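Q: sharing a sequence plus its predicted fold:
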Amino acid sequence: MPYTLQTLNYQNDFRRLPPAFYQSVTPLALTQPEWVVGSDLCASLLGLDLDSLQNPESLALLSGNKTHSQWNPLAMKYFGHQFGYLNPDLGDGRGLLLAEVETDSGELLDLHLKGAGQTPFSRQGDGRAVLRSSIREFLCSEAMAALGIASSRALCVVNSSTSVRREEIESGATLMRVSRSHIRFGHFEYAYHTDGNNGDNTLLNALGDYVAERHFPYIAKTPNQNADLFSLVAKKTAQMVAKWQCIGFAHGVMNTDNMSILGETFDFGPFGFMDAFDPGYICNHSDHQGRYAFDRQPAIAHWNLSVLAQAMSPIVEKDALNEGLKQYSNVFNREFLSGMHEKLGLNPAASSVDSDEQGAEFIMETLSLLKNNRLDYHYFFRVISEVNIEGGEPSALSSLRDKCIDLNSFDQWFSNYQSRLSQNTQDPNARLAKMQAINPVYILRNHLAQIAIDKAKHGDYSEVKRLHEVLKRPYSRQEGCQQYEALPPDWAKELEISCSS
């Protein structure tokens, strides 16, 4: 029998940590809560009946009008390096950890209400989220999960008649976020700087023990627990960022307080999936220096890990931290090259022409082709995953060629590609099937999200729901959904996304 929001098995596990890591806060109610959209796949993680969330009692809980008797809401305290500068004045400013849900399998999942009102860490903000940003996070969280990229999840969005001022007056909303953890690199920074003032490592040790016991029990209480913890964080972060680069995703605000300790995509704000390939793509128009541009993400993740290493230095030996940072680079390089080979349908292990060095050169050659010809990233890879080009140049590929500015560069690349495929021992049909399983038909392009948001602002949530349904199956072409795989219109280039929410 599925659970309801009222009958889930709740725990308050984060409160095992010292009180310095949090403050108790009661959610602030939204007026006239209204259901927008929910994720059946996220609900299934909790064993939850999604339809039950739309009843008045559940809507009251989801909008801060009521608090469950087993919830003990809190706002977390942490530090963070924001755009490269340490900010000690951080914490959950508009979201609350309500409780953890213990699933039937024994896993603990955080239930986090975003847009729940002011906390001690709101920094003069109103603590609210708006409908626009809540829809974007909902769609992207669930889209990332469907793409196979580690991510926090989104259970539902609730709108209201509460007015919130941003660049204009917008409606306040809440998003119920579900995650295996809300602990960030910034938690360790906070513990490090606070412990330094106290002259001991009480908070650092407590945090390291908690993360290991809850998320990596196989290393908990071992002699090398904290060193192994840093190594695991580095590895998982490398895997996550490699998948970002392969799928063409830019996070936009890779501050250390937005980096999950579990290597999961986290804190969605001014993110963007690239249209025309541009290595220097900046999705956040507030990022004037391009610190978090697409091609800088791997280096920024390494920089953030170095900050985490400093924070953990009192409880982990220097050599172990350096080894973890080295592992990040090795894992990222391996995962990225492997992922790009898979996108191209190449199997370097089975092909002498694709040695590590030559394979990397061809990937760079491919990306240069995309950049120089301003080709759409997702369109390019989907086209080459749907046509058998070993023996010729089908019409779909001809259409792709016609979109090039420099036809000679495409012809040269195509000839090189065919040569590499000729060395491939895979059956062509099997190769295409594998390529289609990792090169999506549908991606959350900014203009698609904007169309859904514009309708939602006028009370029509149908496009949000439909787009969510399409993105749940990104690799399979769906009947009547041609508009979701079409190239973006010209006006999409003018869209600007900022941190404001």
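A: Arrived safely. Remember, it's a predicted structure, so these values are computed and weren't measured experimentally.
Q: just say helix, strand or coil for the nearest residue to Phe188 once chain neighbours are set aside.
A: Excluding the flanking residues, the one nearest Phe188 by Cβ to Cβ, 6 or more residues apart in numbering is Ala311, at 4.1 Å. All C-beta atoms are positioned from the backbone trio N, CA, C, and that covers glycine. When classified by DSSP: H, G, I helix; E, B strand; the rest coil, Ala311 comes out as helix.
Q: report how many residues lie close to Ala311.
A: 25 (other Cβ atoms under 10 Å).
Q: what's the answer for Thr265, then?
A: For Thr265, the neighbour count with other Cβ under 10 Å is 24.
Q: for the stretch 351-500 of the chain, what are the low-confidence residue spans?
A: 351-358, 390-394, 498-500 (pLDDT under 70).
Q: and the residue nearest to Phe188, how far from Leu207?
A: 10 Å (Cβ to Cβ, to the nearest Å).
Q: and Leu131, by the same measure?
A: In terms of Cβ to Cβ, Leu131 sits 35 Å off from Leu207.
Q: what's around the nearest residue to Pro73 once chain neighbours are set aside, how many residues?
A: Using Cβ to Cβ, 6+ apart and skipping residues adjacent in sequence, the residue nearest Pro73 is Leu96, 4.4 Å away. Leu96: 28 surrounding residues under other Cβ under 10 Å.
Q: that's a strand at Leu96, yeah?
A: Yes: read with three-state DSSP, Leu96 is one of the residues of a strand.
Q: hang on, it packs against His112?
A: Yes: using Cβ atoms under 8 Å, Leu96 is in contact with His112, at 6.9 Å.
Q: test my guess that Ile183 contacts Met259.
A: No: distance between Ile183 and Met259: 10.1 Å, which falls outside the contact criterion (Cβ under 8 Å).
Q: the two: which has the busier surroundings?
A: Legend: neighbour count by other Cβ under 10 Å for Ile183 and Met259, higher for Met259 (28 against 23).
Q: pLDDT weak spots in this protein?
A: Ranges of the chain meeting pLDDT under 70: 197, 348-358, 390-394, 498-501.
Q: according to the record, where do the domains of it fall?
A: 186-341, 346-425 (automatic domain parsing).
Q: the first one: end-to-end distance?
A: Just to be clear, that refers to domain 186-341. One end of domain 186-341 to the other measures 34 Å (Cα to Cα, to the nearest Å).
Q: next: the shortest one.
A: With Cα to Cα as the measure, the first residue of domain 346-425 is 10 Å from its last.
Q: how far off centre is it?
A: 28 Å (Cα atoms, centre = their mean, to the nearest Å).
Q: hmm, back to that, most tightly packed of the domains of the chain?
A: Mean neighbours per residue, mean count of other Cβ atoms under 10 Å, is largest over the domains of the chain for domain 186-341, with a mean of 19.
Q: surely Lys236 and Gly263 touch.
A: Yes: under the criterion of Cβ under 8 Å, Lys236 makes contact with Gly263 at 2.7 Å.
Q: any residues in contact with both of these two?
A: The contact sets of Lys236 and Gly263 overlap at Ala150 (Cβ atoms under 8 Å, 6 or more residues apart in numbering).
Q: re earlier: hey, what's in contact with both of Ala311 and Leu207?
A: In contact with both Ala311 and Leu207: Phe188, Ala191, using Cβ under 8 Å, 6+ apart.
Q: how far does the longest strand along the chain sit from the chain's center?
A: With secondary structure taken from DSSP state E, the chain has its longest strand at strand 153-165. Distance, stretch centre to chain centre, for strand 153-165: 20 Å (Cα atoms, centre = their mean).
Q: could you point out which element follows that strand?
A: strand 169-179 (DSSP states H and E).
Q: for the nearest residue to Arg296 once chain neighbours are set aside, give its distance to Leu175.
A: Nearest non-adjacent residue to Arg296, counting by Cβ to Cβ, 6+ apart: Gly290, 7.1 Å away. From Gly290 across to Leu175, the span is 28 Å (Cβ to Cβ).
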